[in-house]
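J.: Give the three-dimensional model of this entry:
(one chain, ligands or ions: 1)
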Amino acid sequence: MLTIRDLTKTYANGVRALDGISLDIPRGMFGLLGPNGAGKSSLMRTLATLQEADAGSAILDNGDGPAIDVLRDKDAVRRQLGYLPQDFGVYPKVSALDLLEHFAVLKGLTNRKQRREVVDGLLHQVNLWNVRKQKLGGFSGGMRQRFGIAQALLGDPRLVIVDEPTAGLDPEERNRFLNLLAEIGENVAVILSTHIVEDVTDLCPSMAIVNKGKVLLSGEPNAAIAALSDQVWRKQVSKATLSSYETRFTVLSTRLVGGQPVIHVFSPDSPEEGFERVAPDLEDVYFQRLRQHARVAA
Ligand SMILES: Nc1ncnc2c1ncn2[C@@H]1O[C@H](COP(=O)(O)OP(=O)(O)OP(=O)(O)O)[C@@H](O)[C@H]1O
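T.: All right, here's what the predicted structure looks like:
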């Protein structure tokens, strides 16, 4: 659906935000996972035609029509694209209905009757119909994000990009939002950029991990998890000894359980007595890749 090759971008301050990114993004939900500053937003903005890359290519499959060169043919991309930016702002004094109508006009839906049908349909789809006449300023974070999805879906995009959409949402709102994304992902390609591993675990049949402008892993989460099997070990330790474990072993994560740290360690064999082997999850994969990358870079 979208083929990205060797994309690079260095900002004027010398930061290399994209350092040879190559990805194959299929239809459905694609999780782009990485810590703050990994380059996710830079990549999303580039694909959304809002900023230039220095080099590389991105080609969007266009069904029956000719493929679209994302970096050059920006108007064509914009016709196929829905984008929910990280810092999506709304006019607080305008109602959801009025603002969505306004965005619809900007998208080129000039026929009033047709526009009304589309806008009403979207408000139903994102479950904001009952509050459509309320001002956006009174919306919760989750409602605002669902409104953001409604505007991204105007014009029937083939590619939908959502940048860190669940940050700051409470669990119920987050679930609701992810369910909505999953429904959308049945028909189009959705790129979900996030630093929250569970967003990807819950939702994405394919994914990539990025850090410092590079792709550290791409493919199916299940395959990446399977590749770590038998190599993740768990132990409850004391707070006083935690740092010694961190120096001696590749500690992937530390979680407090009942106030006591429980560590996950990456090791082909038992690290030492007292560790039990655990089935790895995507969080283990994520931190193993980040640790490995940090070690290689050091
Ligand atoms: N306009 C800019 N000028 C200079 N440096 C930038 C600019 N935008 C981003 N950067 C830098 O590029 C790197 C990648 O940033 P980017 O925002 O793409 O990462 P991210 O993965 O989206 O992280 P976050 O979740 O914090 O936004 C960071 O080091 C950031 O400070």
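
J.: what separates the longest helix seen in the chain from the chain centre, distance-wise?
T.: For the chain, the helix with the greatest residue count under DSSP state H is helix 282-297. Relative to its parent chain, helix 282-297 has a centroid offset of 18 Å by CA atoms, centre = their mean, to the nearest Å.

J.: now do stretch 47-62
T.: Once both centres are worked out by CA atoms, centre = their mean, stretch 47-62 turns out to sit 17 Å from its chain's centre.

J.: before we move on, what about stretch 127-141?
T.: The answer for stretch 127-141 is 24 Å, by CA atoms, centre = their mean.

J.: Tell me which other helices or strands the longest helix of the chain touches.
T.: helix 197-203, strand 206-211, strand 214-219, helix 221-227, strand 250-257, strand 260-266 (3 or more CB pairs under 8 Å, 6 or more residues apart in numbering; DSSP states H and E). C-beta: built from backbone N, CA, C; applies to glycine.

J.: Pick the most deeply packed of these.
T.: Mean neighbour counts were compared across these using mean count of other CB atoms under 10 Å; the top stretch is strand 206-211, at a mean of 24.

J.: what does that one rub up against?
T.: If you take CB atoms under 8 Å, 6 or more residues apart in numbering as the criterion, strand 206-211 is touched by 21, 23, 25-26, 28-35, 38-40, 43, 200, 215-221, 224, 285-286, 289-290, 293.

J.: can you list the domains in the protein?
T.: Under the assignment automatic domain parsing, the domains of the chain span 2-220, 226-297.

J.: got the residues of the stretch 151-298 of the chain near the ligand?
T.: Within reach of the ligand by CB under 6 Å from any ligand atom, the stretch 151-298 of the chain has these residues: residue 164.

J.: can you pull out the strands in the stretch 1-150 of the chain?
T.: Secondary structure of the stretch 1-150 of the chain (DSSP state E, counting those that start in this stretch): strands at 2-10, 16-25, 28-33, 55-60, 68-69, 81-84.

J.: Would you mind finding the most buried of those strands?
T.: On a mean-neighbour basis (criterion: mean count of other CB under 10 Å), the most buried of those is strand 28-33, at a mean of 25.

J.: strand partners of that strand, parallel vs antiparallel please.
T.: Using DSSP bridges, strand 28-33 pairs in its sheet with strand 189-194 (parallel), strand 206-211 (parallel).

J.: worst average pLDDT in the ones you listed?
T.: Of all the strands paired with strand 28-33, mean pLDDT reaches its minimum on strand 189-194 (a mean of 94).

J.: List of residues touching that one?
T.: Against strand 189-194 from outside (CB under 8 Å, 6+ apart): 1-2, 25-34, 40-41, 43-44, 47, 86, 158-167, 181, 184, 199-200, 203-204.

J.: and if we set it to 6 Å?
T.: Residues outside strand 189-194 that contact it (CB atoms under 6 Å, 6 or more residues apart in numbering): 1, 25, 27, 29-32, 40, 44, 159-164, 184.

J.: angle of that strand against strand 2-10?
T.: 40 degrees (axes from the mean of the first three to the mean of the last three CA atoms, to 10 degrees).

J.: how far is strand 189-194 from where the chain is centred?
T.: 4 Å.

J.: residues touching residue 245, list them.
T.: The neighbours of residue 245, taking CB under 6 Å, 6+ apart as the test, are 237, 251, 263.

J.: Nearest to the ligand among the residues you listed?
T.: The nearest member of these to the ligand, counting by CB to the nearest ligand atom, is residue 251 at 23.3 Å.

J.: Do I have it right that that closest one meets residue 263?
T.: Yes. Contact between residue 251 and residue 263 holds when scored by CB atoms under 6 Å: they sit 5.2 Å apart.

J.: Buried residues, the longest helix of the chain. List them.
T.: Residues of helix 282-297 classed as buried under the neighbour-count rule (16 or more other CB atoms under 10 Å) are 282-290, 293.

J.: go on, stretch 108-123?
T.: Using 16+ other CB under 10 Å as the test for burial, stretch 108-123 gives 109, 115, 118-119, 122-123.
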